[in-house]
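S.K.: fold the following, please.
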Amino acid sequence: MNTSFKGYAWGLFAISIWVSWMVATRGGVKSSLDAFDRTALRFASAGLILLPFALKFGLDPRRIGWGIWLAMICGAGVAYSIVSAAGFWYAPISHGSVMLPGTMPMFVAILSVLILGEKIAGPRRVGFVLIPLGVIVLVFAGAHHGTGGEWRGQLIFVGAAILWASYTIAMRKSGLAPLTGAAIVCVWSAILFLPPYALYAFMTGGAGLAQASWAEIALQTTIQGVLSSVVALYAYNRAIAILGSSRGAALGSLVPVLATLAAIPILGEWPAGTDWLGLAAITLGVYLATGAPLPGWLRSRAPS
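M.R.: Down below sits the predicted model:
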């Protein structure tokens, strides 16, 4: 089998899991499980699976520094999980699927320039212009044809994107292996979140978990914890190792389109015409911003 084909296969596998997470999270809004319930299921399962990797490295935050540790735990742990899930209470998946993976590269680039001293040149600059333009289109569309509160979800998604961007920069500075970083985030998130959640569940008679079916709990645990936090990370890392960072990261531009298309038959959510314009702008912006390869005729005309 061709090596590049294997890389794209691993990348598409990871993307399919992320798309499933978005659909499951949006669908979970209509269930008895709230954002706290899904967060508990996510880190209880992922933390248990990744516990050996965290123990092998060590759980002392001073090994990587308190600042980096805090940015990682908040950026990809409990805070990110609750904030990103809360956005789907107000906005449809066509907005969340675009604004979460769509604005992350923009905030990562801003923090990289400010903190890491990186420079952005060529077509990537065009991409970082298209991303906010697409966001503006979605905000405008939500204000005019939405239910009236979609701007809240959009704002929450932007906040979640900033959290993940902080995690990305912290990971770069930490020098940790990807799986080790994920293990630290998931295990510490479980340590910090599960005890107060257990107290909350006890005082409320089990909260949403007591009302949910075993099938629903199993589905959310599998998608939120096992697949999204463990399997997708491994698959994406394999894709990066085979394809390289630019081509591997470019696959992320498929997430908004695939998640939006998946929501049509599964959740019955049809994007409006203006939503498609914002989606197209952000998707193209993400593709260019990641430094993905351009066609020959366009590469010769791209700014240097």
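
S.K.: assign residue 271 to helix, strand or coil.
M.R.: coil (DSSP: H, G, I helix; E, B strand; the rest coil).

S.K.: does it really touch residue 259, like I thought?
M.R.: No: counting by CB atoms under 8 Å, residue 271 sits too far from residue 259 to count as a contact (10.7 Å). C-beta: built from backbone N, CA, C; applies to glycine.

S.K.: got phi/psi on residue 122?
M.R.: When read as degrees, to the nearest 10, the backbone of residue 122 gives phi 70, psi -150.

S.K.: swap that for residue 88, please
M.R.: Taking degrees, to the nearest 10, you get phi -70, psi -10 for the backbone angles of residue 88.

S.K.: same deal with residue 120?
M.R.: When read as degrees, to the nearest 10, the backbone of residue 120 gives phi -110, psi 130.

S.K.: give me the pLDDT for the residue nearest to it when sequence neighbours are not counted.
M.R.: Distance criterion CB to CB, 6 or more residues apart in numbering; nearest residue to residue 120, sequence neighbours excluded, is residue 109 at 5.9 Å. What the model reports as pLDDT for residue 109 is 77.

S.K.: okay, and residue 109 sits in which element?
M.R.: Using DSSP states H and E, residue 109 sits in helix 93-111.

S.K.: quick check: what element follows that helix along the chain?
M.R.: Using DSSP H and E, the helix or strand that follows helix 93-111 in sequence is helix 123-145.

S.K.: what sits against the nearest residue to residue 34 once chain neighbours are set aside?
M.R.: Excluding its sequence neighbours, the residue lying closest to residue 34 (CB to CB, 6+ apart) is residue 208, at 5.2 Å. For residue 208, the contact set (CB atoms under 8 Å, 6 or more residues apart in numbering) comprises 31-34, 36-37.

S.K.: among the residues you listed, which are in helices?
M.R.: 36-37 (DSSP state H).

S.K.: scan the contacts of residue 208 and report the most crowded one.
M.R.: residue 37 (27 neighbours; other CB atoms under 10 Å).

S.K.: much appreciated, bye for now.
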